[in-house]
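# Have a look at this prediction, sequence included:
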Amino acid sequence: MTFVLRPDYVAIQRRRKDSRPPERLIAHYELERSLADRLRIAGRDERSRLYGEVYSTLFDSLPDHPQKTTAGLRTGRIAKQVKLLKPLMGRSDVYLEIGCGDALLPFALSGFARQVLGLDVTDALVDFAAAPANFRFVKTDGVEILLAENSVDLAHSDQLMEHLHVEDAEAQLREICRVLRPGGRYMCKTPSSVSGPHDISVFFDEVARGMHMREYDYGSLRALMLQAGFRSVQFLLVVAGYRVAAPPYQLLRGIERALQRLPGRLRHSYLARFLMGITAVATK
């Protein structure tokens with residue numbers, strides 16, 4: 001199959017600060033499409049093995065992948081995350097980072113909680129020599145969380161939900177709900193399908209076809225969280241790591257529906273990306 005860049009791909013590159021030449025964008029898309037297709041058709045047991053395998057292949061094969069070339073921005077991003085999460089934590093709390101990667105965020109939050117946990121399919125990126133005493137890594141198959149019921153006060157994930165196979169998304173949400181104590185909260189940050197796609201597909205397609213298995217909108221994410229057992233779901237607007245508002249769901253959903261009817265260029269505007277950058281807080 002031959003893949004063709006969208007006519008406006010240069011403008012998208014400027015917006016995303018991606019300076020790779022066209023042939024590298026195409027190579028990235030070809031690889032990511034093939035790996036994503038393997039995940040999409042795999043059964044549950046096979047996916048538990050494939051999650052780690054496909055991402056290792058992706059990053060090993062693409063030395064110019066944006067996640068590698070923008071690593072220097074990580075410190076600033078973590079500082080913003082700490083500002084957002086710290087007010088939700090107490091000194092006696094247990095914090096769980098879902099999809100922790102290098103675990104730098106739970107490391108940074110270790111002084112504000114009794115225990116910080118990092119959950120991921122591999123600990124290959126974690127520098128255990130630099131880990132605080134109250135940090136513990138928890139391995140997962142992509143869905144299961146090997147923790148006791150009612151043992152976590154605050155859980156958090158950033159840019160993770162969209163990477164889960166659609167059949168695994170609700171299963172993982174049920175696991176998160178299970179390990180949270182009554183009244184515990186799960187903050188989930190994920191890109192919106194309204195202003196998307198947000199994976200490499202943005203240069204080629206109108207919908208995510210790469211490693212973003214599904215991009216959600218306010219309506220679909222709220223429905224999935226409530227179906228998984230959460231008592232309530234609130235959406236936040238966040239600027240520079242600070243919560244600036246928590247608009248009523250019906251207002252956000254109305255704006256979302258209006259934007260969904262607009263052409264792609266307007267749906268990708270800065271205002272749309274701000275309003276539709278999903279930060280959900282689900283309460284058990």
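Good, I have the coordinates.
# So which bits of the biggest helix by length in the chain are buried?
The residue-count maximum for a helix in the chain (DSSP state H) belongs to helix 22-41. Of the residues in helix 22-41, 25-29, 31-33, 35-36, 39 count as buried by neighbour count, 16 or more other Cβ atoms under 10 Å. Backbone N, C-alpha and C define where each C-beta goes, glycine included.
# distance of Phe235 from Tyr186?
Distance, Phe235 to Tyr186, using Cβ to Cβ, to the nearest Å: 13 Å.
# for Pro132, that is, sorry about that
For Pro132, the distance to Tyr186 - Cβ to Cβ - is 22 Å.
# pretty sure Ile78 is touching Pro106, no?
No. Using Cβ atoms under 8 Å, Ile78 is not in contact with Pro106; the gap is 10.2 Å.
# Could I get the full set of helices for the stretch 1-150 of the chain?
Per DSSP state H, counting those that start in this stretch, the stretch 1-150 of the chain carries helices over the ranges 9-16, 22-41, 44-61, 66-69, 74-85, 104-109.
# Show residues contacting the fourth one.
If you take Cβ atoms under 8 Å, 6 or more residues apart in numbering as the criterion, helix 66-69 is touched by 16, 18, 59, 62.
# which one is the first one nearest to, not counting chain neighbours?
If I follow you right, that is Arg16. Val202 (7.4 Å; Cβ to Cβ, 6 or more residues apart in numbering).
# Gly142 reaches Ser48, doesn't it?
Yes. Contact criterion Cβ under 8 Å: Gly142 and Ser48 qualify, at 5.6 Å.
# any idea of the mean pLDDT in the longest helix of the chain?
Helix 22-41 comes out with an average pLDDT of 96.
# helices and strands around it, which ones?
Helices and strands touching helix 22-41, by 3 or more Cβ pairs under 8 Å, 6 or more residues apart in numbering; DSSP states H and E, are helix 44-61.
# what about the stretch 51-200 of the chain, any weak spots by pLDDT?
70-73 (pLDDT under 70).
# and with 50 instead?
Along the stretch 51-200 of the chain, no part satisfies pLDDT under 50.
# Strands of that one, residue ranges please.
Remark: strands assigned in the stretch 51-200 of the chain by DSSP state E, counting those that start in this stretch are 94-98, 115-120, 135-139, 152-158, 180-190.
# Of all the residues in stretch 51-61, which ones are buried?
Within stretch 51-61, the residues that count as buried by 16+ other Cβ under 10 Å are 51, 54-55, 58.
# CA atoms only for that stretch, dumped as PDB, please.
What follows is stretch 51-61, C-alpha atoms only, in PDB (Å, rounded to 0.1, in the frame of the first residue of the first chain):
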ATOM      1  CA  TYR A  51       2.100  -4.500  23.900                       C
ATOM      2  CA  GLY A  52       5.700  -4.500  24.900                       C
ATOM      3  CA  GLU A  53       7.000  -6.100  21.700                       C
ATOM      4  CA  VAL A  54       5.400  -3.600  19.300                       C
ATOM      5  CA  TYR A  55       6.600  -0.500  21.200                       C
ATOM      6  CA  SER A  56      10.100  -1.900  21.400                       C
ATOM      7  CA  THR A  57      10.100  -2.400  17.700                       C
ATOM      8  CA  LEU A  58       8.700   1.100  17.000                       C
ATOM      9  CA  PHE A  59      11.300   2.900  19.100                       C
ATOM     10  CA  ASP A  60      14.200   0.700  18.100                       C
ATOM     11  CA  SER A  61      13.400   1.200  14.400                       C
END
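# gap between that stretch and the chain center?
Centroid separation for stretch 51-61 versus its chain: 17 Å, with Cα atoms, centre = their mean, to the nearest Å.
# Spatially nearest residue to Gly196, not counting backbone neighbours?
Glu215 is the one closest to Gly196 (Cβ to Cβ, 6+ apart), at 4.7 Å.
# Same question for Lys83.
Distances taken as Cβ to Cβ, 6+ apart put Gly241 closest to Lys83, at 3.8 Å, once the chain neighbours are dropped.
# quick one: the one you found and Ala129, what's the gap?
From Gly241 to Ala129 the distance is 28 Å (Cβ to Cβ).
# of these two, who's got more company?
Gly241 (16 against 5; other Cβ atoms under 10 Å).
# Outline the domain layout of this structure.
As recorded under automatic domain parsing, the domains making up the chain are 9-67, 72-283.
# Can you lay out those domains as a markdown table showing distance to Thr2?
Listed next are the domains of the chain as a markdown table, based on distance: least, Cβ to Cβ, whole Å:
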| stretch | distance to Thr2 |
| --- | --- |
| domain 9-67 | 9 |
| domain 72-283 | 11 |
